[in-house]
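> return a 3D structure for these sequence lines:
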Amino acid sequence: MGGGNLVRTLGMRNYTIVTLVIIAALCCACSNRNREAHIEDMAYEEVEQPKPLPEGAIPFDYSNHLYFEVVLRDSVPAKMIFDTGNTNILIDNKLFKEYFAPSPTLQRVVIQGTGNSLEAAYRDTSDWAYRIGEYSHTEQGATIMDLQKILGNEADGMFGMEFMRGRKVEFNYADEYMRILPSEEQPDEGYTCVKCKWLDNRGARMVMPISLKINDAAALDGNFLVDIGSSGGVSLNSSLVAKLKLNRVLTDVKKKIYDTGGVGGSRTDYLFVAKDISVAGYEIKDVVIDFSGNTQGMMANDSFDGLVGNAFFERFDVIFDFAKCEIWLRPNRNFNIVRQADSGITLTPQEDCWIVNGLVEGGNAHKAGIKRGDIITSINGLTREQVSLKELKRMNRSDEDWKVVVKRNDSTNEVTFKKEKY
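Here you go, the predicted structure:
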């Protein structure tokens, strides 16, 4: 891609210049075989023994994001997340400096994502070969930026839609694996098809139709950008909020501010319980979603109504047909999970601590004295080294109170608070 100062817009981490178009997406049930019976037969199990992976499966670690083991340029191991909002490969500054710098092919760029401002980055214009499982891929160019500032020290980078282009791919959130399927293979019994639309003629970003009943006074049939790089469920753009006048409609809303809410810096979300989410005949009732308070960036864009991310898709077995622009959904054992508690804080993991990145204003943690930027060295007696990303997710959703050790400046204090209830 070209040199100089470039602004690449759209998506949490989409670094290609695009022209936004308004898309009306239609949903059709390509298959509706035994849907009701399938849901009734499911029983959610909070703890389950790992199952043997099917032939050809590529394992990932699902901890709000999908973490894959990737090998860069035949020799450098990296833990990278998959993100539909990212077109090309992205590498964290730290990994790049350790294994690949100095590079004569670096160009300065600026990028824009979900945050309120632009983000400084670099573009390395040389070829980048990488391997995921048995599948190899080469792209011209990679974005280099401080990704760990956003996701923490577990993330070495991201790969995106260039790897997936034209493929049919199964994501099993419950058993944590990906399979690249033959294009002619038909989904198993129980899947239902959602006809989507491409956001533009590049065929890189999918827009998915979703119906929302916010409450008895507000409902919409909207078009939502599929964002597997987002840990959230359904998020509404601030432009849609203004159009629906949701500030007048909603009364029980929790305001959450992030110092770093994605590429582009700070972010403000307003969390509330929606009465019903419906897609392809499946209904999810009383689910926590959010709307954006950002005035800049993609979450203020009016070309689509919002994002749909992992907290929605984790309820399903999912097949993305990136050739036909279709998504196939089949409820999994997590479909009826009810999220009733949340710590009210978002933590960015470091090697020996967590940084408080997001905080619900006026929430229990805030009232107990927690501030954004605080360093937390233990949660309920467990240190960072003792808590994996997956365990932190479980602890965050449990009903148990949190007792945390907080370092701020030169002082250390112990703080106990109750979880937020929705």
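
> residues in contact with the longest helix seen in the chain?
As assigned by DSSP state H, the longest helix anywhere in the chain is helix 389-397. Applying Cβ atoms under 8 Å, 6 or more residues apart in numbering, the external contacts of helix 389-397 come out as 61-64, 67, 154, 339, 341-343, 347, 349, 379-380, 387, 402. Bear in mind the C-beta positions are built from the backbone N, C-alpha and C, glycine included.

> and with 10 Å instead?
Identification of contacts with helix 389-397 by Cβ atoms under 10 Å, 6 or more residues apart in numbering yields 46-47, 61-65, 67, 151-152, 154-155, 176, 231, 337-347, 349, 354, 379-380, 382, 384, 387-388, 402, 419.

> now that helix: how far from the chain's centre is it?
16 Å (Cα atoms, centre = their mean, to the nearest Å).

> which residues in the stretch 301-422 of the chain form strands?
With strands called from DSSP state E, counting those that start in this stretch, the stretch 301-422 of the chain shows them at 306-308, 316-321, 326-331, 341-342, 345-349, 354-360, 375-379, 382-383, 402-408, 411-417, 420-421.

> winner for burial among the ones you listed?
strand 306-308 (a mean of 27; mean count of other Cβ atoms under 10 Å).

> tell me what that strand is packed against?
strand 206-215, strand 218-226, strand 234-236, helix 238-244, strand 282-292 (3 or more Cβ pairs under 10 Å, 6 or more residues apart in numbering; DSSP states H and E).

> now these as CSV including mean pLDDT?
Supplementary listing: the helices and strands packed on strand 306-308 in CSV, determined by pLDDT from 0 to 100:
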stretch, mean pLDDT
strand 206-215, 95
strand 218-226, 95
strand 234-236, 96
helix 238-244, 91
strand 282-292, 94
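
> out of the strands of the stretch 301-422 of the chain, which is closest to residue 182?
strand 316-321 (11.6 Å; Cβ to Cβ).

> quote the end-to-end distance of stretch 148-157.
End-to-end span of stretch 148-157 (Cα to Cα, to the nearest Å): 8 Å.

> I misspoke; the intended subject was stretch 192-209.
14 Å.

> hang on, the earlier thing: buried ones among the contacts of helix 389-397?
61-65, 67, 151-152, 154-155, 176, 231, 341-347, 349, 354, 379, 384, 387, 402, 419 (16 or more other Cβ atoms under 10 Å).

> looking at the helices and strands packed on strand 306-308, which is buried most?
Most buried among the helices and strands packed on strand 306-308, counting by mean count of other Cβ under 10 Å: strand 234-236, with a mean of 25.

> shouldn't residue 316 be in contact with residue 335?
Yes. Assessed by Cβ atoms under 10 Å, residue 316 is found in contact with residue 335 at 7.1 Å.

> report how many residues lie close to residue 390.
14 (other Cβ atoms under 10 Å).

> per-residue pLDDT, it?
On pLDDT, residue 390 comes in at 93.

> residue 32 too?
Note on residue 32: pLDDT of 45.

> go on, the one 4 residues further on?
Model confidence at residue 36, expressed as pLDDT, equals 46.

> helix, strand or coil for residue 248?
helix (DSSP: H, G, I helix; E, B strand; the rest coil).

> that one and residue 302: what is the separation?
19 Å (Cβ to Cβ, to the nearest Å).

> just residue 281 next, same as before
28 Å.

> run the chain-centre distance for stretch 225-235.
For stretch 225-235, the distance to the chain centre is 5 Å (Cα atoms, centre = their mean).

> what's the first-to-last distance across that stretch?
First residue to last in stretch 225-235 (Cα to Cα) measures 10 Å.

> same question, stretch 194-205
End residues of stretch 194-205 are separated by 15 Å (Cα to Cα).

> same check on stretch 192-208?
Terminal-residue distance, stretch 192-208 (Cα to Cα): 14 Å.

> could you do stretch 162-176 as well?
End-to-end distance (Cα to Cα), stretch 162-176: 22 Å.

> pLDDT of that stretch, averaged?
According to the model, stretch 162-176 has a mean pLDDT of 96.

> buried residues in it?
Counting neighbours by 16+ other Cβ under 10 Å, the buried set in stretch 162-176 is 162, 163, 164, 168, 169, 170, 171, 172, 173, 174, 175, 176.

> how close does the fourth one get to residue 354?
Same thing as residue 168. 38 Å.

> over to residue 266?
From residue 266 to residue 354 the distance is 19 Å (Cβ to Cβ).

> now residue 154
12 Å.

> again, but for residue 228
Where residue 354 is concerned, residue 228 sits at a distance of 24 Å (Cβ to Cβ).

> do the same with residue 395
For residue 395, the distance to residue 354 equals 11 Å [Cβ to Cβ].

> helices of the stretch 51-200 of the chain, residue ranges please.
When assigned using DSSP state H, counting those that start in this stretch, the helices of the stretch 51-200 of the chain occupy the ranges 93-99, 148-151, 161-164.

> quick one: those helices as a markdown table, columns for distance to residue 307 too.
Formatted as a markdown table, the entries for those read as follows, by distance: least, Cβ to Cβ, whole Å:
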| stretch | distance to residue 307 |
| --- | --- |
| helix 93-99 | 26 |
| helix 148-151 | 16 |
| helix 161-164 | 15 |
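
> any weak-confidence spans in the stretch 301-422 of the chain?
Residues of the stretch 301-422 of the chain meeting the criterion pLDDT under 70: 339-340.

> cutoff 80 now
338-340, 422 (pLDDT under 80).

> what's the closest non-adjacent residue to the most centrally placed residue in the chain?
Geometric centre of the chain, nearest residue: residue 230, 1.6 Å, by Cα atoms, centre = their mean. Nearest non-adjacent residue to residue 230, counting by Cβ to Cβ, 6 or more residues apart in numbering: residue 309, 3.1 Å away.

> wouldn't the one you found be in contact with residue 210 here?
No. Counting by Cβ under 10 Å, residue 309 sits too far from residue 210 to count as a contact (11.9 Å).
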